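K.L.:
Following is a predicted model, sequence given first.
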Amino acid sequence: MSKSVKASPGVPRGQRQVARTEGRVLAAAARLFLERGYAATTLTDVAEAADVGERTVYVRFGSKALLFKRVVDVAVVGDTAPVDVLGRDWMELSFSAPTLEERIRATASANRQILERTGALFAVAQQAAAVEPLIAEFWQQGREGMRYGQRMVWTRMAGDGLLPTGCDLEWIIDTASVVSSPETYLLTTRMMGWDLDTYEAWLVTTLRRLSTGPALD
């Protein structure tokens, strides 16, 4: 889940040690959440698996729900660097590619990349949200963040003149948010047994049709 921390002359030794410890805890927590589920995983289990003191886990993360959120957040972007999804290099083409087709493919590719790392964790989160109010709150925040990302992508497309004149931008954003959501990914993989390649191809086709569809003012 988290990348190893390499020694750097510009990073104090103590800070590197904290980062390495966090990496071990996150890796252990991710494995246990996936193997046992949210309810059956305890912070004591995580501390033992990470070979750190239980107090270290409590002090650093505070609660199991907050630890789980951190695990998911790191999985979404792929590392512990303080850069959000929209600022990642692999999102750049979604905003800057010269054609609509290239931006749609870049957006679908970015979505696939996130789900490749997080799909199984999202399944755990979906179950945990039913019994843990804080996880349910985080799940809703994730929905809102994902919809904000879709708004940024499609608004940029419209501003760059890549969408049909008079298209219903709000309808496109709403619908793209639904088809790109983790819930839709989990549904398609469970119902149809799709792999990631099939899902990505479906998403490209769906977003392409969405961008040229009949929902016009």
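P.N.:
Alright, I've got the coordinates. Worth saying up front: this structure is predicted, and the values here are computed from it rather than measured.

K.L.:
longest helix of the protein?
P.N.:
For the chain, the helix with the greatest residue count under DSSP state H is helix 100-128.

K.L.:
Show me which residues of it are buried.
P.N.:
By 16 or more other C-beta atoms under 10 Å, the buried positions in helix 100-128 come out as 100, 103-115, 117-119, 121-126, 128. No exception for glycine: its C-beta is placed from N, CA and C like everyone else's.

K.L.:
which strands and helices sit next to the helix or strand just after it?
P.N.:
Counting by DSSP states H and E, the element after helix 100-128 in chain order, helix or strand, is helix 133-159. Contacts defined by 3 or more C-beta pairs under 8 Å, 6 or more residues apart in numbering; DSSP states H and E place helix 133-159 against helix 64-77, helix 92-96, helix 100-128, helix 169-179.

K.L.:
do you know how far the spatially most central residue of the chain is from residue 138?
P.N.:
For the chain, residue 76 is the residue whose C-alpha lies nearest the centre (C-alpha atoms, centre = their mean; 3.2 Å). Separation of residue 76 from residue 138 (C-beta to C-beta, to the nearest Å) stands at 12 Å.

K.L.:
same deal with residue 204?
P.N.:
29 Å.

K.L.:
just residue 156 next, same as before
P.N.:
From residue 156 to residue 138 the distance is 27 Å (C-beta to C-beta).

K.L.:
follow-up on the earlier one: just send the helices and strands packed on helix 133-159 back as JSON lines, with distance to residue 52 too.
P.N.:
Listed next are the helices and strands packed on helix 133-159 as JSON lines, based on distance: least, C-beta to C-beta, whole Å:
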{"stretch": "helix 64-77", "distance to residue 52": "12"}
{"stretch": "helix 92-96", "distance to residue 52": "36"}
{"stretch": "helix 100-128", "distance to residue 52": "21"}
{"stretch": "helix 169-179", "distance to residue 52": "39"}
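
K.L.:
closest one to residue 185 among the ones you listed?
P.N.:
Ranking those by proximity to residue 185 (C-beta to C-beta) places helix 100-128 first, at 5.2 Å.

K.L.:
For the closest one, which helices and strands make contact with it?
P.N.:
If contacts are counted by 3+ C-beta pairs under 8 Å, 6+ apart, helix 100-128 sits against helix 13-36, helix 64-77, helix 92-96, helix 133-159, helix 182-191, helix 196-211.

K.L.:
Kindly provide the distance from residue 191 to residue 183.
P.N.:
As judged by C-beta to C-beta, residue 191 and residue 183 stand 12 Å apart.

K.L.:
Could you do residue 65 as well?
P.N.:
20 Å.

K.L.:
neighbour-wise, which of these two wins?
P.N.:
Shown here are residue 65 and residue 183; by other C-beta atoms under 10 Å, residue 65 has more neighbours (18 against 12).

K.L.:
How about residues contacting stretch 168-181?
P.N.:
Contact with stretch 168-181 is made by 107, 111, 143, 146-147, 150-151, 153-155, 158, 163, 184, 203, 206-207, 210-211, 213, 215-217, as judged by C-beta atoms under 8 Å, 6 or more residues apart in numbering.
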